[in-house]
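**Student:** what shape does this take:
(chains A and B)
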Amino acid sequence: MGAMRVIRPAAAAAVALLVLVACGCKKKAPPDLVIVSPHNKKIEAEFEAAFRAWHKQQFGADVKIEWRDIGGTTDVTRFLLEQYKRAPSSGIDLYFGGGGPDHKFLTARGITAPVKLPAEIMRQLPETITGVRQYDPDGHWHAAAVSCFGIIYNAKLMREKGMKFPESWDDLASPSMYGLIAAADGTQSGSARAAYEMIIQSEPNWQAGWAKLLKIFANCRRFTAGASDIPEAVANGDILAGAAIDFYAYDQIAFSGDAVAFVRVAGTTAFTPDPISLLKGAPHPTAAKRFIEFVLSQRGQALWCLPARAEDGPASSPLFRQPIRRDVYDKYAGKMLAPLVNPFVYSGDFKYDEAAAGVRISRLLGPLMKAAAIDQRAEMSKAWKCIIDADFPADLIDPFVALPENLAEEATALETAKTLTTKTAEDRRRTEMTTSAWQRYFRTKYNGIVNRAAK
Amino acid sequence: MRNWRRYILAGVSGAFLVCFLVVPVLLSIRAGFIEEGRPTGFWLGRVFADLAGRESLLNSLKVALATTAGVFLLAVPLAVLANHYDFRGKRIASAMLMLPMILPPFVGAMAIRKLLALDGGSVNLILHALGLAKVDWLGAGFRGVVILEVLHLYPIMFLNASAALANVDPTMLEASRNLGASRWRTFRRVTLPLIRPGLFAGGTIVFIWSFTELGTPLMMGYDRVLPVQVYNGLKVLDTSPKTYSMVFVMLSASVGLYGMGRLLFGGAAAAMAGRGIASMARKARPRTAALVWLAFGGVTALAVVPHVGVVLMAVAKRWSATILPESYTFAHLAAVFRQERTWNSIVNSLRYASLATVVDIVLGMTIAYVVVRLRVRGRSWLDSLAMLPLAVPGLVIASGYVALTAAGPLAAIGPMRNPTLILVIAYSVRRLPYMVRSISAGLQQTSETLEEAARNLGATPLKSVLRITVPLISANVLAGAILAFSFAMLEVSDSLILAQTPDFYPITKEIYTLAGVSDTKFLAAALGTFGMVLLTATLVGANLLLGKRLGAMFRV
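**Tutor:** I've put the predicted structure just below:
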């Protein structure tokens, strides 16, 4: 009897659940456009509503958009890579958002498709800003917005501690920031790598750039998985400052108020693209092309930069992004969200070396950061503390900022970076042996500094 | 049972595990061992040549040993106290101990990062206000990781130990006492050997869990442990074959350690022929009751810190680097009810988790029965296989499912269309170990002679199992089901990768999506709060529905 008392309700529950599942499987109308995006839901909602209204007005028909959410930029890129290994189409039309390196990476692997845009749009798109390309010459990807890096800091806590607010990358490398900052893991975050490249290029040469970067890493109390973790940690007061992308910082400030502040680093601000691409084998190419044209129209671009509920602005949330179209900055001058700037005017004469940066960002910075900092956070931090305590003697600081021989000069480093490929088994093994040698090099160096300081 | 029948039982459950566990795992770690079509051991060697890889393996072992020891010290005395004494509010005190099980992982982490932040965290601000020195909680490394994991995992041990104690025949204890043994000697020589299967069940789950735990060390920035190394390696665009070899090392170490544990501690336990009906619990005197309450309340108070943070975040309007929020609002909580998507995710989660629990009950009973009761060749393999999911990182098995359903006959259940079925399978495979361990422990404690008696009286084998054994082990089934259901509700990795369209999001993915944007973080906390309420309601509901059985488990 006992068993039946358990089994009958269990069986009934199972049947009820199967019915529930069956209800859940009800057929839905197929979408007219499928977009994969690491953008947040605010951006998705604003662009969806505005695009549908525009489409109805232009073509007299509604468009049902399906947004695919797979995670952050790297997750999306990985997912697409896996899908196209198995089939000629992913069933997805557009890749909206993510960094320039990811779209270039997919283009190089033949996963994107070219788009020819009307001359009216192309006239307004800059080929480069601060030396950085903003669309693919063959039309595989186009920047839909641009973003830049700066420093986010907890103004309230720094004021309480009587500390000076950071203004330049040097301020993050200062010993007064020991254990009070964090940096995103460059192996995982493409935007973090771009930020580190910017820090390197803010110095006159490669060695000085890396010396500064190593000191910043040595000041870190942790390395976070994503670039978006830094603003949260600053707002929580777990760290006082860190490098951040402008729009993450603005979002955080809009949320936490003036306890948190953001500063663009004067003189070394490059604006990098946040592209949109048509994917190979897109099931709905017409709707997809229309969406790209809408995003790059004045109407679409206005959504990025105007306050919520302003004329032409987003319906409910401000998006705090820098538009790419030149004419939008003129048309809405004075009406844009306060922290946004005109990149065509602001960036001044800083010229970013994109040719060198491309190889270094995609191949070198991640593995080198892992070997020099992530794999030895404790050792590095200890060595740096010894140097601070000993008041920076040359015999300790010189080895601390030194790089392995095959990275010592900018030219040799670039050559080395080019060998760090992973195409064939041989490539992968060579890359592994190279980076593994760096890991040992840095470990020996940091332990050596601690030992020497103890003497 | 006839020979062919038992092999069919073993074969069917084994085939399910091969299909939905072994194959996906192989698909996703293949890259570490096959390079350009040829097998290679190069990358396995690199795992040990890598300084970070080597140190991580050692650190993971240390974390697992320390956590398991901590959980034993914390949970077993509490379970014994609950078994031994009757006191006012015992049911509430025991239920409160389960609180760590209702905390959705992301929001829990968000809350901990907020409360324990170095300069702006509530705890340090309180210490500062009291004139005490600030503590670097999140930078506490090894110690911090172990403390947080003990506080997170002790309910597993408490549940298992309580179920085992409930199965102990009180007449044995009476006999021991009558023969002149002291209470301590009775506990050591009678109770402890009798509850060993339950302790082993809880201990192995906690050990393997903490060996492969990702969230806590990740949050604490303690990255030199294997799971974090694997996770970081998988998150990059161009994953090195070394990462897949590292997964293999983690898997083999887990299986090896589990096998070793089974040899050392998991041997056949003394089964009890019968169970006394009368409870041995004694009415506690007021002073004892107060002390017991202090123990239960103290543990709960520590474990409940993140929950408090989540609830505060759910009603916070603005909160940055102050002890309590600067201003409050109910807008986030209201939004959970108003928005279709948040509701939808709750319904989805309930559906996935309950279906997965049903699958787990059937599969878990079959496997446990085969392993414990039937003389089938290769049954220890089946047992180890059923424990394997504990050791497989969620990301690995989830990407295995993506590969499995990318093409071929299984494409129809893949995440590109309707992910319900693959999510249910994923959840049930991932949560199977709790069920198998819990039911095995019950079976080991229940004598086979009872079934034999039923069979002698003319019952068929199936009938004797269903009417004699199942009711006797129902406390264990329930303990396993509670764990399976709760952790399925809170499952992260599979949910993130396999549910790709909002219509099918479970609650964890919805929370994750909301938490990713600063201005919906508090909405994520609100949904997390709602998730906690929901899980509590489910557990309380289970308690009411099956009151006596759950009571048997806690002896109230």
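**Student:** ok and the residue in chain A nearest chain B?
**Tutor:** Nearest residue of chain A to chain B: A:Gly237, at 1.5 Å (Cβ to the nearest Cβ). Glycine gets a C-beta too; all of them are placed from N, C-alpha and C.
**Student:** list the residues that contact that residue.
**Tutor:** Contacts of A:Gly237 were listed using Cβ atoms under 8 Å, 6 or more residues apart in numbering or on different chains, and they are A:Asn154, A:Leu157, B:Ala117, B:Leu118, B:Asp119, B:Gly120, B:Gly121, B:Ser320, B:Ala321.
**Student:** swap in B:Val376?
**Tutor:** When contacts are counted by Cβ under 8 Å, 6+ apart, B:Val376 touches B:Arg6, B:Tyr7, B:Leu9, B:Ala10, B:Val370, B:Leu382.
**Student:** please flag which of the residues you listed sit within helices.
**Tutor:** Judged by DSSP state H, the subset of the contacts of B:Val376 located in helices is B:Arg6, B:Tyr7, B:Leu9, B:Ala10, B:Val370, B:Leu382.
**Student:** out of those residues, which one sits closest to B:Val540?
**Tutor:** B:Val540 has its nearest neighbour among these in B:Val370, at 33.7 Å by Cβ to Cβ.
**Student:** isn't the closest one up against B:Arg6?
**Tutor:** Yes: counting by Cβ atoms under 8 Å, B:Val370 sits close enough to B:Arg6 to count as a contact (6.8 Å).
**Student:** more neighbours: the two, which one.
**Tutor:** More crowded of B:Val370 and B:Arg6, by other Cβ atoms under 10 Å in any protein chain shown: B:Val370, with 24 against 18.
**Student:** now do stretch B:107-125: distance from first to last residue.
**Tutor:** 21 Å (Cα to Cα, to the nearest Å).
**Student:** just checking that stretch against chain A, any contact.
**Tutor:** Yes: using Cβ under 8 Å from any Cβ of the partner chain, stretch B:107-125 reaches chain A at B:Arg113, B:Lys114, B:Leu116, B:Ala117, B:Leu118, B:Asp119, B:Gly120, B:Gly121.
**Student:** distance from the chain centre to that stretch, please.
**Tutor:** 25 Å (Cα atoms, centre = their mean, to the nearest Å).
**Student:** quick check, central residue of chain A?
**Tutor:** Against the mean C-alpha coordinate of chain A, by Cα atoms, centre = their mean, the closest residue is A:Ser191 at 3.0 Å.
**Student:** shouldn't it be in contact with A:Gly98?
**Tutor:** No: shown here, A:Ser191 and A:Gly98 do not form a contact pair, counting by Cβ under 8 Å, at 9.2 Å.
**Student:** quick one, what contacts B:Leu234?
**Tutor:** B:Thr243, B:Pro393, B:Leu395, B:Val396, B:Ser399 are the contacts of B:Leu234 under Cβ under 8 Å, 6+ apart.
**Student:** one more: B:Leu432?
**Tutor:** B:Leu432 touches B:Asp360, B:Leu363, B:Gly364, B:Ile367, B:Ala386, B:Pro389, B:Ala484, counting by Cβ under 8 Å, 6+ apart.
**Student:** which residues are contacting the host helix or strand of A:Arg193?
**Tutor:** Element membership for A:Arg193 (DSSP states H and E) is helix A:190-201. Applying Cβ under 8 Å, 6+ apart, the contact partners of helix A:190-201 are A:73-74, A:98-99, A:101-102, A:149, A:169, A:183-186, A:206, A:209-210, A:212-213, A:216, A:227, A:243, A:245, A:268-270, A:272, A:352-353, A:357, A:360-361, A:365-366, A:369, B:237.
**Student:** just the residues you listed: which are in strands?
**Tutor:** Among the contacts of helix A:190-201, the ones falling in strands (DSSP state E) are A:Phe149, A:Ala183, A:Ala184, A:Ala243, A:Ile245, A:Thr272.
**Student:** next, the residue nearest to A:Ser168 when sequence neighbours are not counted: phi, psi?
**Tutor:** Among residues not flanking A:Ser168 along the chain, A:Val265 sits closest, at 5.5 Å (Cβ to Cβ, 6 or more residues apart in numbering or on different chains). Note on A:Val265: backbone dihedrals following degrees, to the nearest 10 are phi -80, psi 110.
**Student:** ok, A:Val265 touching A:Asp171?
**Tutor:** No: between A:Val265 and A:Asp171 there is no contact under Cβ under 8 Å: 9.3 Å.
**Student:** so what sits against both of the two?
**Tutor:** With contacts taken as Cβ under 8 Å, 6+ apart, A:Val265 and A:Asp171 have A:Ile151 as neighbours in common.
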